[in-house]
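Chemist: I'd like to go over a predicted model; first the sequence, then the structure.
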Amino acid sequence: MEAHTKPHVEGEWSTGFCDCFSDCTNCCITCWCPCITFGQIAEIVDRGTTTCGMAGALYSLLYILTGCGGCIYSCLYRQRIRAQYNISGNNCVDCLKHSCWCCCCCEICSLTQLYRELKHRGYNMNLGWAGNVEKQKNQEGAAMGAPVSQGGMTR
């Protein structure tokens, strides 16, 4: 089975850590500009209280100023997603996956895994939080539909 069709198992990530290429578009964006992917993740996890642009800019600024601050910042979001969706793991492993210097791809793999997780949970990452809320409202309204008149006796 491909990663995006794998059935979700409670307590586990919906895709593997190294399944970056299951979403080639996101993988390429994350390789060249990880602040975009991080911003999209942060906006959804923060339920719109943080914008994609603000989170992405802060991520970039932390990288520029400290060299590794972006990794620590994104690690916090990995921990929040694990807690929110009851995914097994621990903070130490989360930190290693985001800041391991032995492999420069770890941060990219981590961000793309977080992105895919939210996508598998039903979020359209391109819409942001407000767009996803609006989409959900429209789906609920369509599901309810117009009332159907009941046939019955007439005069």
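Modeler: Alright, I've got the coordinates.
Chemist: and residue 18, what helix or strand is that in?
Modeler: In this structure, residue 18 is located outside every helix and strand according to DSSP states H and E.
Chemist: Could you report the neighbour count for it?
Modeler: 13 (other CB atoms under 10 Å). (C-beta placed from N, C-alpha, C; glycine too.)
Chemist: so it sits right up against residue 109, yeah?
Modeler: Yes: contact status for residue 18 versus residue 109: in contact at 5.8 Å, counting by CB atoms under 8 Å.
Chemist: How about the contacts made by residue 50?
Modeler: 42-43 (CB atoms under 8 Å, 6 or more residues apart in numbering).
Chemist: Ramachandran angles for it?
Modeler: Per-residue torsions, residue 50: phi -120, psi 130 (degrees, to the nearest 10).
Chemist: can you check residue 77 too?
Modeler: With angles defined as degrees, to the nearest 10, residue 77 sits at phi -70, psi -30.
Chemist: what's around it, how many residues?
Modeler: By other CB under 10 Å, the residues close to residue 77 number 22.
Chemist: quick one: contacts of the strand or helix carrying residue 95?
Modeler: Assignment of secondary structure by DSSP H and E places residue 95 within helix 91-99. For helix 91-99, the external contacting residues (CB under 8 Å, 6+ apart) are 17, 68, 71-72, 74-75, 78-79, 82, 106-107, 109-110.
Chemist: Stretch 68-87 too?
Modeler: In contact with stretch 68-87 (CB under 8 Å, 6+ apart) are residues 10-13, 34-35, 38, 41-42, 45, 58-60, 62-63, 88-89, 91, 94-95, 97-99, 107, 110-111, 114, 117-118, 121.
Chemist: which other helices and strands contact the following helix or strand past the helix holding residue 95?
Modeler: For helix 91-99, the succeeding helix or strand toward the C-terminus, using DSSP H and E, is helix 106-120. With contacts taken as 3 or more CB pairs under 8 Å, 6 or more residues apart in numbering; DSSP states H and E, helix 106-120 sits against helix 24-32, helix 34-45, helix 69-84, helix 91-99.
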